[in-house]
Structure formats: structure tokens, C-alpha cells
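>>> my questions are about this predicted structure, shown below with the sequence.
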Amino acid sequence: DAGVTQSPTHLIKTRGQQVTLRCSPKSGHDTVSWYQQALGQGPQFIFQYYEEEERQRGNFPDRFSGHQFPNYSSELNVNALLLGDSALYLCASSQGLVGSYEQYFGPGTRLTVT
Amino acid sequence: QKEVEQNSGPLSVPEGAIASLNCTYSDRGSQSFFWYRQYSGKSPELIMSIYSNGDKEDGRFTAQLNKASQYVSLLIRDSQPSDSATYLCAVNIHQAGTALIFGKGTTLSVSS
């Protein structure tokens, strides 16, 4: 049973650059949520995609955008990177928007902004 | 502002003891509650979900939910050194689909 996969594992970018992170959901899942986890903190919800549309959004600026493809995979884009964007970016997949809310996380992408 | 509160710890217990982890939440409309385990440098791993008041047991883990008190807990029986990790409490954001809000986590250390 294929779990959630993310790429790349690690990434180093310079302030002001743009970055794209990728996620493939667990087999059978159609909903993808993105979270940002700073060191020593719990994950913070960025946004959620279902049926190729952004369904919910957390308190993140428009520099954070995303996309979901017909095969349910998803991308997270961050423009004009700031030093404060350095964090572990987590993708979580689940099935649908109602019923069981169980979300399963991928291994994450560690982004460092210098 | 919706919040989930956890004691940061560290919570230290000897091997074989019961570890008790606690969490409170502010959104009375929340319906779904989860416990994740996160080892250092790794991503969170779902270990328990609970949706109704009362207890739910799965192996050595028991989740307890009291919606009236807005309180959820996790008990780990017969704690093992491999249980040493950060435990994250997560609650669904009411009226926001299945989006979750997380506490900062409690660090558990089990000594052999």
C-alpha cells in the first residue's frame, strides 16, 4: 500500500526566490492538505485541495499557492521566500471532505531559506 | 482564535509505567480528535482517532474524550523506550472541512 510521498526531501533557497514542493497522496485518497511545521511547534494548516479546487485556507499570505492535478497529486508554491519560511512542509492525504477525517502525513520537505 | 493546548513536557516515565498525555481545545464545534506521534526529524504518524465521548482502546493506547470539558487525553500503558517521541494532539477546525489545528506537542521520555 503506497503511502504519501513528497519531493524533494530537502531544499535550500535564497531569500526572494520561489519554490515548488510536490506531494502524491496515499492510494485511495483524493484530498490533500498542506501544513507548515516550524521547529518546536505543531503543524500549521496552510490549505486543502479536493477535486482540484482549494477548499479551505489557513492564515497564510497569498505568496503561498497550490494546485491539485486530476491524479490527486498536489503542488505547493511559495513566492518571494522569506527567512521565516524555513520549516518542514508536510503534505497529508485523506478521503473526501466528510466522514472520517483521518489524515496521513508524508515524510515532509525540509526547506531552508538563506 | 481556535487553540489546542498541550503541556510541552518533557514527561518522563520509567519503562512499564503508564504515560498520560493531556490536551484541551477551544472550539466547541470540533467533532474529530487525533493523536499523532512524531519522532525527532520525522513526520507525524497517526496513532489514534476519536469522535465520541468516552474511551477508545487500541493495543497499549487509550484515547479519552470529554466534549463537555473540551478535553482529550492519551494513555500509553506499559510504556517502552521506543515510545519516546513528541505526541501531537489535533482537532478538526469546525466549519473548515477536515482541516486540523495542532497543539505544540508533549515530549515523552521513557527510561529503561
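Here it is on my side, so go on.
>>> got the phi/psi numbers for B:Ala99?
B:Ala99 adopts backbone torsions of phi -60, psi 140, taken as degrees, to the nearest 10.
>>> isn't it up against A:Asn59?
No - in this structure B:Ala99 lies outside contact range of A:Asn59 using CB atoms under 8 Å: 11.3 Å. No exception for glycine: its C-beta is placed from N, CA and C like everyone else's.
>>> neighbour count: those two, which is higher?
Set side by side, B:Ala99 and A:Asn59 show more neighbours around B:Ala99, with 23 against 8, by other CB atoms under 10 Å in any protein chain shown.
>>> the residue of chain B at minimum distance from chain A: how many residues sit nearby?
Closest to chain A within chain B is B:Phe102: 3.3 Å, counting by CB to the nearest CB. Each residue near B:Phe102 was counted by other CB under 10 Å, and the total is 22.
>>> which ones are touching it?
With contacts defined as CB atoms under 8 Å, 6 or more residues apart in numbering or on different chains, B:Phe102 is in contact with A:Tyr35, A:Gly42, A:Pro43, A:Gln44, B:Val4, B:Tyr36, B:Leu88, B:Cys89, B:Ala90.
>>> at 6 Å what do you get?
Contact analysis of B:Phe102 by CB atoms under 6 Å, 6 or more residues apart in numbering or on different chains lists A:Gly42, A:Pro43, B:Leu88, B:Ala90.
>>> beta partners of it?
Using DSSP bridges, the bridge partners assigned to B:Phe102 are B:Ala90.
>>> can you check A:Ser65 too?
In this entry, A:Ser65 is beta-bridged to A:Asn77, by DSSP bridges.
>>> go on, B:Gly54?
Going by DSSP bridges, B:Gly54 forms beta bridges with B:Leu65.
>>> what about it, distance to B:Val72?
Applying CB to CB, to the nearest Å, the value for B:Gly54 to B:Val72 is 11 Å.
>>> which of the two has more neighbours?
Neighbours were tallied for B:Gly54 and for B:Val72 using other CB under 10 Å; the higher tally belongs to B:Val72 (27 against 9).
>>> the more buried one sits in which helix or strand?
strand B:71-76 (DSSP states H and E).
>>> what mean pLDDT does that strand get?
Per-region confidence: strand B:71-76 scores 98 on mean pLDDT.
>>> quick one: strands adjacent to that strand?
Sheet pairing of strand B:71-76 (DSSP bridges) gives strand B:19-25 (antiparallel), strand B:61-66 (antiparallel).
>>> which among those strands is found nearest to B:Ser84?
Closest to B:Ser84 of the strands paired with strand B:71-76, according to CB to CB: strand B:19-25, at 9.8 Å.
>>> could you list the low-confidence segments of chain A?
Across chain A, residues meeting the criterion (pLDDT under 70) sit at A:1, A:98-100.
>>> can you tell me how far B:Thr24 sits from B:Thr107?
For B:Thr24 relative to B:Thr107 (CB to CB), the value is 18 Å.
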